[in-house]
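Colleague: Sequence and predicted model, in that order:
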Amino acid sequence: MIIRTGTIAALAALIASSAPAAQDQWPICASGKRTTCIVDGDTFWREGIKYRILGYDAPESGDGARCASERALADRATRQLQSLMTGPGIQYEAQGKDRYGRVLTRVVTQQGDIAEQMIELGLGHAYQGGYRDRNQWCQS
């Protein structure tokens, strides 16, 4: 097979233009169909698949929040996750599914594991599954 230099350059340009940058866009999820968006501080949709990040639990947003302070912290966690997910070099390591059908995944940025970053920022608690205190974010 003969490939001309111009063809290789055109193919390389096509691949570069179609490859996702850091990560396209990560809007905050709204109602309706979800394709790629951030649900809350530990859950996101990517290309129509729902993911739950391993290693930490973030406060519940919206109607799932048990108090105003949890809702406010959830908003901060959601925006922080959105910020972290838009950086370059994101890596995903799927680890099976949870009881809700979400893909459990470890997400790593150039700065390290997102779970560790969110915990360090006070926007999540370490979580490896099992029981958790649903009022943990509402206690002083």
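Modeller: Yes, it's here. The structure displayed is predicted, hence computed values, not measured ones.
Colleague: residues contacting residue 123?
Modeller: 41, 58, 59, 73, 76, 77, 80 (Cβ atoms under 8 Å, 6 or more residues apart in numbering). C-betas here are computed from N, CA, C, even on glycine.
Colleague: can you rerun that using 7 Å?
Modeller: If you count contacts by Cβ atoms under 7 Å, 6 or more residues apart in numbering, residue 123 has them with 41, 58, 73, 76, 77, 80.
Colleague: Which element, helix or strand, includes the residue nearest to residue 111 when sequence neighbours are not counted?
Modeller: Nearest residue to residue 111 in three dimensions, chain neighbours excluded: residue 117, at 6.4 Å (Cβ to Cβ, 6 or more residues apart in numbering). Residue 117 belongs to helix 114-120 when assigned by DSSP states H and E.
Colleague: which other residues reach the next helix or strand after that helix?
Modeller: As assigned by DSSP H and E, the chain's next helix or strand after helix 114-120 is strand 125-127. Under the criterion Cβ under 7 Å, 6+ apart, residues 55, 56, 57, 119, 136 lie in contact with strand 125-127.
Colleague: Pairing partners for residue 109 in the sheet, please.
Modeller: Beta-bridge partners for residue 109, by DSSP bridges, are residue 112.
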